[in-house]
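Enquirer: mind looking at a prediction? Sequence and model below.
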Amino acid sequence: MKKKTRLIHGGISRDPYTGAVSIPIHHASTFKQNGVGNFEYEYGRTGNPTREALEKLIADIEGGVRGFAFASGMAAITAVVQLFSKGDHFIFTDDVYGGTFRLMTKVLNKFGIDVTFVDTTDIDQVKAAIRENTKAIYVETPTNPLLKITDLEKISAIAKEHELMLVVDNTFSTPYWQNPISLGADIVLHSATKYLGGHSDVVSGLVVAANEDLGNDIHFIQNSTGGVLGPQDSWLLIRGIKTLGIRMEEIEANTKEIVKFLVEHPAVGKVYYPGLENHPGHATHRKQADGFGGMISFTVESEEKALALVKNVQYFTLAESLGAVESLISVPALMTHASIPRERRLELGIEDGLVRISVGLEDVEDLVADLKQALN
């Protein structure tokens with residue numbers, strides 16, 4: 001199947017009992033057993049038909065063996081880290097989502113999980129960070145918010161050489177543009193709240209395992225800790241995924257026009273977008289992905305001017321999150337990455353005047369005109 005066909009017909013695309021082309025929402029918390037231990041579904045936390053349809057769909061479109069749906073992206077990340085033990089060491093992309101940084105440095109560190117943050121675009125830095133107790137490498141590519149690109153094939157080669165697990169957050173690219181498992185990843189993560197849902201109406205996290213053993217381990221954790229996605233939200237996510245392809249293509253077309261405008265505007269400093277040929281990761285991203293996505297970050301002169309900009313836009317909504325049909329705008333230093341200390345943010349390049357936009361499906365002429373009047 002081609003990509004758009006798989007989004008609609010992948011996984012369990014029809015109700016096997018009625019032939020309905022929309023999977024039913026099964027609100028049941030428990031299920032009748034045909035005898036002790038003889039059942040298809042046991043209990044809503046362990047498995048649910050609507051959630052199973054979603055989980056099989058994401059596994060299918062990511063090219064994995066098993067998929068898992070969690071109540072949020074952070075719940076998904078937490079479950080993956082729970083595969084490991086006290087004393088284990090992770091290597092993380094330095095320019096990582098602020099919530100992930102907070103989870104690893106303020107919560108899971110209490111359970112003895114050790115973390116080193118390095119620039120995973122620099123292979124030598126990754127190699128230098130490997131210790132005897134290193135168990136996994138966790139990569140975001142493109143990163144949030146500076147859109148740095150890590151070469152997944154090279155990182156995968158290092159992981160295999162040292163018998164490490166490779167975990168990739170694929171939220172920004174989505175499985176429509178990039179498939180990390182085909183590039184050597186063991187686990188792929190999504191904040192499905194973003195592009196996969198696509199309509200700002202569901203919070204969810206998805207995990208895909210590349211092999212059956214990992215799948216069994218993740219299911220054990222999912223069932224044991226219970227952070228599962230409910231059937232209503234599972235159905236919303238299935239519906240959102242069906243239109244992922246056409247949304248990503250239209251969003252990228254809009255994004256290219258906005259990037260062109262920003263690059264030429266005198267009030268804009270740096271523009272971060274992997275589709276720009278002068279972006280340091282342009283060639284790498286082009287090699288491993290089919291599209292450049294709908295996220296742009298750029299700088300204005302100061303925090304004050306960034307705040308003035310986001311106050312004066314009309315069609316861009318000032319909000320956290322991304323990947324929706326409506327265009328969103330934020331100031332990472334004060335919003336999505338406020339949990340990272342300012343000194344650390346500045347080291348990473350997250351300036352006070354950095355603005356991040358998630359391009360939506362509005363007419364691009366309106367979006368450009370909106371940014372123009374707000375910048376002026």
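Expert: Perfect, I can see it now.

Enquirer: and the lengthiest strand in the chain, C-alpha only, in CSV?
Expert: Longest strand in the chain, counting residues (DSSP state E): strand 134-140. C-alpha atoms of strand 134-140 as CSV (Å, rounded to 0.1, in the frame of the first residue of the first chain):
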residue,chain,number,x,y,z
THR,A,134,24.7,3.3,29.1
LYS,A,135,21.6,1.4,27.9
ALA,A,136,19.9,3.7,25.4
ILE,A,137,20.1,6.7,23.1
TYR,A,138,17.1,8.9,22.9
VAL,A,139,16.8,11.2,19.9
GLU,A,140,14.4,13.9,18.8
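
Enquirer: give me the buried positions along the worst-scoring helix or strand of the chain on mean pLDDT.
Expert: Within the chain, no helix or strand scores below helix 342-348, which has a mean of 87 by mean pLDDT, DSSP states H and E. By 16 or more other C-beta atoms under 10 Å, the buried positions in helix 342-348 come out as 345, 348. Glycine gets a C-beta too; all of them are placed from N, C-alpha and C.

Enquirer: convert the C-alpha atoms of it to CSV, please.
Expert: C-alpha atoms of helix 342-348 as CSV (Å, rounded to 0.1, in the frame of the first residue of the first chain):
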residue,chain,number,x,y,z
ARG,A,342,17.6,30.1,31.4
GLU,A,343,21.4,29.5,31.4
ARG,A,344,20.9,26.1,29.9
ARG,A,345,18.4,27.5,27.3
LEU,A,346,20.9,30.1,26.2
GLU,A,347,23.6,27.4,25.9
LEU,A,348,21.3,25.5,23.6
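
Enquirer: name the element residue 193 belongs to?
Expert: When elements are assigned from DSSP states H and E, residue 193 belongs to no helix and no strand.

Enquirer: list the contacts of it.
Expert: 72, 73, 202, 203, 204, 205, 321, 323 (C-beta atoms under 8 Å, 6 or more residues apart in numbering).

Enquirer: out of those residues, which is most surrounded?
Expert: residue 323 (29 neighbours; other C-beta atoms under 10 Å).

Enquirer: helix or strand: which one has the spatially most central residue of the chain?
Expert: For the chain, the residue nearest the mean C-alpha position is residue 171 (1.8 Å; C-alpha atoms, centre = their mean). Assessed by DSSP H and E, residue 171 sits outside every helix and strand.

Enquirer: so it makes contact with residue 194?
Expert: Yes: applying C-beta atoms under 8 Å as the test, residue 171 and residue 194 come out as touching, 5.5 Å apart.

Enquirer: okay, and the common contacts of the two?
Expert: Common neighbours of residue 171 and residue 194 (C-beta under 8 Å, 6+ apart) are residue 323.

Enquirer: follow-up on the earlier one: ok, the contacts of residue 193 vs residue 41, which is closest?
Expert: residue 204 (20.1 Å; C-beta to C-beta).

Enquirer: ok, and the closest non-adjacent residue to that closest one?
Expert: Excluding its sequence neighbours, the residue lying closest to residue 204 (C-beta to C-beta, 6 or more residues apart in numbering) is residue 192, at 4.0 Å.

Enquirer: one more: residue 118?
Expert: residue 125 (4.4 Å).

Enquirer: other SSEs contacting the helix or strand where the one you found lies?
Expert: Using DSSP H and E, residue 125 maps to helix 123-129. Contacts defined by 3 or more C-beta pairs under 8 Å, 6 or more residues apart in numbering; DSSP states H and E place helix 123-129 against strand 114-118, helix 152-161.

Enquirer: for the shortest one, packing partners?
Expert: Taking 3+ C-beta pairs under 8 Å, 6+ apart as the contact definition, the neighbouring helices and strands of strand 114-118 are strand 89-93, helix 123-129.

Enquirer: 10 Å - rerun?
Expert: On a contact count with 3 or more C-beta pairs under 10 Å, 6 or more residues apart in numbering; DSSP states H and E, strand 114-118 meets strand 89-93, helix 123-129, strand 134-140.

Enquirer: restrict the strand or helix carrying residue 241 to CA atoms and write it as PDB.
Expert: Using DSSP H and E, residue 241 falls within helix 231-242. Taking C-alpha atoms only, helix 231-242 is exported to PDB below (Å, rounded to 0.1, in the frame of the first residue of the first chain):
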ATOM      1  CA  PRO A 231     -11.800   4.500  23.700                       C
ATOM      2  CA  GLN A 232     -13.300   7.900  22.800                       C
ATOM      3  CA  ASP A 233      -9.900   9.500  22.400                       C
ATOM      4  CA  SER A 234      -8.600   6.400  20.500                       C
ATOM      5  CA  TRP A 235     -11.400   6.900  18.000                       C
ATOM      6  CA  LEU A 236     -10.600  10.600  17.600                       C
ATOM      7  CA  LEU A 237      -7.000   9.700  16.900                       C
ATOM      8  CA  ILE A 238      -7.900   7.100  14.300                       C
ATOM      9  CA  ARG A 239     -10.100   9.700  12.500                       C
ATOM     10  CA  GLY A 240      -7.300  12.200  12.600                       C
ATOM     11  CA  ILE A 241      -4.700   9.900  11.200                       C
ATOM     12  CA  LYS A 242      -6.900   9.200   8.100                       C
END
